[in-house]
Structure formats: structure tokens, C-alpha cells
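*Asks:* give me coordinates for this.
(2 chains)
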2 protein chains.
Amino acid sequence: MSSLNSSISSILKSGEWSAKPQGDCMSIVVVGSIALDTIETPFGKRVDILGGSCTHFSYSASFFHPVSIVGVVGEDFPPEHIELLEARGIDTAGLQVVEGRTFRWSGAYEYDMEEAKTLSTCLNVFETFQPQLPETYRDADYVFLANIDPELQLSVLEQVREPRLVACDTMNLWLNMKRDAVAKLFGKVDVVIINEGEARLFSGVPSLITSAQRILEAGARYVVIKKGEHGALLFGPDLFFACPGFPLETIQDPTGAGDTFAGGFMGYLAKTGLLDAKHLRRAVVYGCVMASFNVEDFSLDRLKGLTEDDITNRYLEYITFTRFEGA
Amino acid sequence: MSSLNSSISSILKSGEWSAKPQGDCMSIVVVGSIALDTIETPFGKRVDILGGSCTHFSYSASFFHPVSIVGVVGEDFPPEHIELLEARGIDTAGLQVVEGRTFRWSGAYEYDMEEAKTLSTCLNVFETFQPQLPETYRDADYVFLANIDPELQLSVLEQVREPRLVACDTMNLWLNMKRDAVAKLFGKVDVVIINEGEARLFSGVPSLITSAQRILEAGARYVVIKKGEHGALLFGPDLFFACPGFPLETIQDPTGAGDTFAGGFMGYLAKTGLLDAKHLRRAVVYGCVMASFNVEDFSLDRLKGLTEDDITNRYLEYITFTRFEGA
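*Replies:* Below is the predicted model of the structure:
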């Protein structure tokens, strides 16, 4: 194990995992929701805490690569939340602050923490949101279209010139209400990152393999299916990868785990600049690692105190507990 | 991948995976149910097909190591089922054929195939079953106490002299009805092999890590938690291992998957005779591999046609789709 760890450490240190990306690399651009969440889990209740798909993604990805966000908040949005993002170097030039109230979501989890029960959704300023990419964002190499209306995701995609890698997420609401737009979106992105329930909803069949095939048939190059505590699956041309979740004794709040996963996945790929099967596999593991931190506390509370060493160490732990094939 | 495969192939061929165990090795002794199952899944319905925990375990383990069974059937038990087991070299000296009808179980699975709904259980000859080990079984090195009344499992354990490795399974029925006997059993075995729902039922908490700790506190040295299509977890002293399930497009019938897993796990350990962490991890993967074959058809129908090459090839595939750490 010690020789394994040292060999992996040397891989991680050999440029892939340098503290800051070299040169004038382009940021990852992410569009998605920025929310004030009210969440109840068996471990407590929090009111109006920082949440949203754009928030969780950007904070997670910022540990790997610079990130620029596109989103909207109301005048009631606490300025310290924007400061928190900017303190991690996140570019907020694409964040619109408009008249009205910030998007609010309220949800509750049962003891098994498997699925949130939505108690209320108040779109507020999100209702009329039209994402506008600042000129400096339009040459982005890496774009993540976090869960929002698929038509808005498509409009963002049209504003980007020549991205190297575009990934998207969605949710059951859009799969039920705007299936055609979602299918069109899947046809225009490189990677669909989706949870198992949504994958099954898209395909109409219980098999995750068949579900992934349907998404690939819609035109995506790769599909990542997130399975929460059970890990993730990656499908693509001549590529299949499966990994278990990082086991945790206690999960405080699963909200944002999927976006945090996507942040680790995209962040790692943008950091290395390598999009081959080997790096895609590792990116899935970094996604699991980042998600495992996220669920250990509410909102960004666990990630706030995170260091690059914490991430590397958990990645090494992950290797240790998944190996079996022998020397 | 080709260099990986050749290096793994050479490991597999270096004596671990020889066609027949050398010398006068002792069989694995298994006690459990032998049943006639009536099963309905979205893929069909079968009436009075060969099933039972002892059956699935022994057939699976027989691909790795000789097996001797302890069980009971009624006079109505079709002789061809016994011939089927014997054709794989399974020793049936401990199989009692008694007056009355064979144990019958009837269950149905929904579309998601996650859990069987029991439609009926007729204990029949099982009601008065007292397992008696033939003298030749009592020096067994490897013993599997498949799911039956924990008091019968304990009585079998008392009949074995100096086993090297004893493992057991159980089910929610016994955890609800005879929790103390189950806890006592856990204190007397080396490995508890249990599914995630049963582990949570034993501990009373949703965390699988905490659930495993409770089972270890009861006295088991190792715990394997089976998670169906999501793979398995292995816990023990200074040992934690997690692996995903072998992905399948179609699952015909999950009945017996857990016992088939246990057969692969114990069979591999008995074959190698090595009980260190490395071999325990591989044994878990062989468990997943064998279970993945079992669910592809009803009863033993998929395993009937299986070859050792099929098993090795699926194990190699498994390595291929779970690797990520790099060269």
C-alpha cells in the first residue's frame, strides 16, 4: 500500500495536480441556479442557506480549476455569499443581481436520505432569467450546463464559440415537462451527467445500461450515471467504468451532491486538459470524492474548510479500498 | 488492457486457479434450504423450480472447490435435481430424503427486481429438520451456514471439529423473530455475509458502516454486505473494501443471487486456501461475478452451462471496468 500511495502521489504531483493551472487558461463556465435553500434532514434544519446547482458545482470545481458563473439572484441575496465564491477565485462577472427575491427551494429528507421531498419551490427572479454570457466567457473550453430549464441550457450553448467539452445535468421536472428539449440538449453535449432515477425516466426502462444507451443514442458522447452512496457509472465509446461511492458513517445533507460531483468531474478534466478514457475514469472518482465531502455538512459548510491535501488523501483512500486485482 | 489481462491471467493460472484442487482436500460443507420455488418476474413465471440457499450456494461453490451439502427434501423431490448437483461433484451424503413434501417458496418481483415479495412459504419437511453431519463432514475446513433457523445453524457449528473458516447468512425473518440466536451465531463465525437491508435491521441504523461495526462487535471477524446490483462491501480488522456490481442489461430472476455470491466467495477462498486481505477482496469480486451469472436466468439455468473460462473472463472484464488509478 505504501508503494501504491507513493506511486499515485507522484502521478498526482507530476503536473496534473499543480496548485494553479499554468498560463492564461480559460475558466470553466457554468450556468445554473443560485438558491436560498431551506432544508430539513434527520440531523437538523437550516433556513435560507446558500444552495443551487451553479453554487455547488462552482465551489467544487474551484478546487481544480478557475470557474466563471452565470446565474441570477435577487436584491435580498446576502453579499457574503458572493464574497464566499469570490474568495475561492470564482469569477462572478456573469452573475446578475436583479430586482426581486432570490430563487428559493425547500426540501426534506427521510432517515434513509435517499431522495429529497420538495416542500416548496419559489422561482422568483429565476422565472424571467435569460442567461447572458459576458464576452470574456464565450471562448470557454469547458462548459457545464447545470440543472435549469433545458431551453436556457440550449441558449447558453449557442453563446459559446468552440468549447472543448460541454456537460449537462437535468432533473425529472424537465424530463416530464420538456422531454424534447432535454433530448435535443443531450444531442449537443459531450457528457450527460444524470442520476439513476432520471436516467430511467428518460429511457422508460429499469436497466441502467439500456438507459445509458438511450442517452448515447440521443447524441451524447459520454454518460455518467450518479448512484448516490452507490457510486457512479461511466459509459462511452469503447468505455465502461463503474465505481462504488465513498463510504461515510454519517450523511448530514445530500443536497447539492450531484452538482458537487459534476464540479469534481469537470474540474479535474479542465485541470489536466486530458480527455482520454484514463482521465475520464479518474474524473468520475474525483466526482465521488468531492460529493462525499459535500454531504458531510449542510450547504458549502464542509467544502469551505477543505484543502487540496484533503482531496488528494481521500482519493488515495479511495484507491486503497477499491483495489483487488493484486500486485 | 492486454498487458493487464495477461498479468492477471498469469496470476489466475499460477496455481490459484487450477482445474482441480490438489491432494485430499476437505470439501466445503454447507447447510441450508433445498426448495421448490415458484417465481414470477417481469420476464416470466416458473413453477416448482429447483431453489433454496443450499442449492444456489453449493452449485456456485462447486466451480471452485468440492462441496458437501446438508439438507432435507421430501419424497416428491425430483431425482434429476439430485443428479444435477452430483454431476458437478457435489457430495449429497448429508442430504436427507424424508417422508412428506419438499420445502416450497413462492415469490414475485416487481419491475425494479429489487426485493422479492413472498407469496407463500410452506416449510413442509423443513419444519422438523434436524441437520446431522455425516462423520466424513465433521473435519471440514470451510463451513457455510446458509439461511435457515439460527438455532439449526448453531447446532451444525457444534458438529464441526476445527474449521478454518465459518461463514453464515441470515434473513429478516430470523432477525425479527430470533435476534438473540442470530447475535450468538454472529459471535461464533468468521464471516457474516448479509444483505444491506438485513444489516440495517440488525443495527437499527441506516449507515452500512455502523451496521457492519455492530456485527463485528457481536464477534464476527469479517462482514460482507451484499448490495445487489450495487456490489458489495467487506469490513474486517484493518480492512475495508468496496466494489460495484457487475452490470447487466437484463436480470431475469434475482432469486439465489446472495447464496450464489456466497458460493463464489467461499469457493474461491477454499480453492486458494489463503485467507489474507488480498484474497478476501478477490473472493468478494468472485462472489459478485458468480451472482451476476445467476440472475441472468431462473433457478440454476445460467450456471448449468457455465465454464471456468466464463468465470475467468468475467473476472477479467470486472477488473477492466473498475480500474482507474493508472499504470
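*Asks:* quickly find the element holding residue A:223.
*Replies:* Under the criterion of DSSP states H and E, residue A:223 resides in strand A:222-226.
*Asks:* and that strand, which strands flank it?
*Replies:* strand A:191-195 (parallel), strand A:232-236 (antiparallel) (DSSP bridges).
*Asks:* residues in contact with residue A:297?
*Replies:* Counting by CB atoms under 8 Å, 6 or more residues apart in numbering or on different chains, residue A:297 makes contact with A:252-253. For every residue, glycine as well, the C-beta is placed using N, CA and C.
*Asks:* for residue A:232, same thing?
*Replies:* A:224-226, A:242-243, A:245, A:261, A:284, A:287-288.
*Asks:* got a pLDDT number for it?
*Replies:* For residue A:232, the pLDDT comes out at 97.
*Asks:* any idea how far residue A:123 is from it?
*Replies:* 30 Å (CB to CB, to the nearest Å).
*Asks:* ditto for residue A:168
*Replies:* 20 Å.
*Asks:* tell me which of the two has more neighbours.
*Replies:* residue A:168 (29 against 14; other CB atoms under 10 Å in any protein chain shown).
*Asks:* which residues does that one bridge with?
*Replies:* Beta-bridge partners recorded for residue A:168 (DSSP bridges): residue A:145, residue A:192.
*Asks:* so which residues on the stretch 101-250 of chain A come close to chain B?
*Replies:* Within the stretch 101-250 of chain A, the positions lying close to chain B (CB under 8 Å from any CB of the partner chain) are A:111-113, A:206-210, A:227, A:230-231, A:233, A:240-245, A:247-250.
*Asks:* which of these fall within strands?
*Replies:* A:233, A:240-243 (DSSP state E).
*Asks:* which of the residues you listed sits closest to chain B?
*Replies:* The nearest member of those to chain B, counting by CB to the nearest CB, is residue A:242 at 3.9 Å.
*Asks:* what are the bridge partners for that closest one, then?
*Replies:* Beta-bridge partners of residue A:242, as defined by DSSP bridges: residue A:233.
*Asks:* show me the contacts for residue A:188.
*Replies:* By CB under 8 Å, 6+ apart, the contact list for residue A:188 reads A:154, A:157, A:166, A:219.
*Asks:* so where is chain A shaky, pLDDT-wise?
*Replies:* Low-confidence segments of chain A, defined by pLDDT under 70, span residues A:1-25, A:326-327.
*Asks:* how about JSON lines for the strands paired with strand A:222-226, with distance to residue A:117 added?
*Replies:* What follows is the strands paired with strand A:222-226, written out as JSON lines (distance: least, CB to CB, whole Å):
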{"stretch": "strand A:191-195", "distance to residue A:117": "16"}
{"stretch": "strand A:232-236", "distance to residue A:117": "24"}
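*Asks:* for residue B:106, find the nearest of these.
*Replies:* Of all the strands paired with strand A:222-226, strand A:232-236 sits nearest to residue B:106, with 33.5 Å by CB to CB.
*Asks:* coming back round to it: list only buried entries from the residues of the stretch 101-250 of chain A next to chain B.
*Replies:* Among these, the ones that count as buried by 16 or more other CB atoms under 10 Å in any protein chain shown are A:113, A:206-209, A:227, A:230-231, A:233, A:240-245, A:247.
*Asks:* and the furthest pair within these?
*Replies:* A:113 and A:240 (27.9 Å).
*Asks:* how many neighbours does residue A:110 have?
*Replies:* Residue A:110: 12 neighbours (other CB under 10 Å).
*Asks:* repeat that for residue A:169.
*Replies:* By other CB under 10 Å, 27 other residues sit near residue A:169.
*Asks:* for residue A:119, same thing?
*Replies:* Per other CB under 10 Å, the neighbour tally for residue A:119 reads 12.
*Asks:* would you agree it is in contact with residue A:108?
*Replies:* Yes. Counting by CB atoms under 8 Å, residue A:119 sits close enough to residue A:108 to count as a contact (5.9 Å).
*Asks:* pull out the buried positions in the longest helix anywhere in chain A.
*Replies:* Looking across chain A with DSSP state H, the single longest helix is helix A:277-294. The neighbour-count check on helix A:277-294 (16+ other CB under 10 Å) flags A:277, A:279-294 as buried.
*Asks:* picking up where we left off before, so which of the strands paired with strand A:222-226 is the most surrounded?
*Replies:* Of all those, strand A:191-195 carries the top mean neighbour count, a mean of 27, counting by mean count of other CB atoms under 10 Å in any protein chain shown.
*Asks:* list of residues touching that strand?
*Replies:* Against strand A:191-195 from outside (CB under 8 Å, 6+ apart): A:165-170, A:186, A:202, A:215, A:220-228, A:258, A:261-262, A:265.
*Asks:* one more: stretch A:92-99?
*Replies:* Residues contacting stretch A:92-99 (CB under 8 Å, 6+ apart): A:29, A:31, A:34, A:68-75, A:77, A:82, A:85-86, A:125, A:129, A:131-134, A:136-137.
*Asks:* go again with 6 Å.
*Replies:* A:69-73, A:82, A:86, A:125, A:134, A:137 (CB atoms under 6 Å, 6 or more residues apart in numbering or on different chains).
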